[in-house]
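In: Sequence first, then the predicted structure:
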Amino acid sequence: MSNKKILIDTDLGDDIDDSAALIMALNAPELEIVGISTVYLDTVKRAEMVLELCSKYDRETIPVCAGFGCPIIERFNLNTPPIQYEILEKDRKNQIVSDCDGADFILQKVKEHPDLTIVEMGCMTNLAIAFYREPELMKKVPILAMGGTFSSSFPEWNIKCDPEAARIVMDFAEHLQMFGLDVTKYCQIPDTLMETLCAKDSERMQYYKKGIQLFRKKMGYAYTFHDVLLIAYLLDPTVAEMEQNDFSIELSGTHTRGSVIFKTNAYDLHTTVQKDFYFAKSMDVEKFRSIVQRYFL
């Protein structure tokens, strides 16, 4: 049985979950990473961090592309560095793919690998522009994405960073599975478990530990492996309960811009949904932590 081919689109370098998800994907023999693109703000710095982490696992051959830093509509300071960029080692040779942008990189990999699955771990700018350029090709691609909340109107970060991009992807993707904050918030890793995962005799894990210490120092949040649930689901789909429905993104409103909205009629007693769009309703926390411990080293 051949490995599942995946492309990872990530905003690695802020929260600790993107790098944790990449580590698990690198460790999983069931998965083949054919490319990694970065998204949001300083994507070059993010790509450098991806390359350095891959080098720790002797996987420098994985192509890495610095994608779009600027959302489709909003305009931010693109030179804002990722929170954990200080862990980068000095004088590293730049290996970032530079002959195409993030959208063309995704399109190239989709054409090279017809059985490709895209794992979206950041805002959807690269994906949305790929959809705009070649919609007929992109709408057939299976996509797993972390983003949104499906039990409230709270605008989650990945969607909020580029609501227009999320709207494009959610409206036109024909095979989409999404894991919202209302479920991934349960992917917390207790400090005691994190100490076990970051083994003192592992150079790789001590490198990762430097990054999570920077995050804790600057942000102070609990360790939560939001994006890791995507990789865990690829490895064991029983880790999350999925439900079919159809959604879009609210693009206006003082408090609701970037919120997920149902496209089905709440008055219907029995709603029939034709679209292949599933969202996570719940997850098995103990099974999730077991998968993490199996692939995280």
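Out: Ah, there it is.

In: who's in contact with stretch 262-276?
Out: Glu174, His175, Leu176, Gln244, Asn245, Asp246, Phe247, Ser248 (CB atoms under 8 Å, 6 or more residues apart in numbering). Any C-beta I mention is one placed from the backbone N, CA and C, and that applies to glycine too.

In: what do you get if the cut-off is 10 Å, keeping everything else the same?
Out: 142, 150, 170-171, 173-177, 243-248, 277 (CB atoms under 10 Å, 6 or more residues apart in numbering).

In: Could you list the buried residues of it?
Out: Lys275 (16 or more other CB atoms under 10 Å).

In: Please compute how far it lies from its chain's middle.
Out: 27 Å (CA atoms, centre = their mean, to the nearest Å).

In: of the contacts of stretch 262-276, buried ones?
Out: Buried, going by 16+ other CB under 10 Å: Pro142, Phe150, Met170, Asp171, Ala173, His175, Leu176, Gln177, Asp246, Phe247, Phe277, out of the contacts of stretch 262-276.

In: before we move on, the earlier item: now intersect the contacts of stretch 262-276 with the strands, please.
Out: When DSSP state E defines the strands, the subset of these inside them is His175, Leu176, Gln177, Glu243, Gln244, Phe247, Ser248, Phe277.

In: can you put the residues you listed in TSV and add distance to Leu229 and pLDDT?
Out: As requested, these are exported to TSV (distance: CB to CB, whole Å; pLDDT from 0 to 100):
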residue	distance to Leu229	pLDDT
His175	18	98
Leu176	15	98
Gln177	11	98
Glu243	15	95
Gln244	18	94
Phe247	18	94
Ser248	23	95
Phe277	17	96
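
In: Just list whatever residues bridge to the residue most central in space within the chain.
Out: With distances taken as CA atoms, centre = their mean, Met121 lies nearest the centre of the chain, 0.9 Å away. Met121 has the following beta-bridge partners by DSSP bridges: Thr10.

In: List the contacts of it.
Out: 8-12, 15, 17-18, 21-22, 36, 39, 144-147, 158, 226-228, 230-231.
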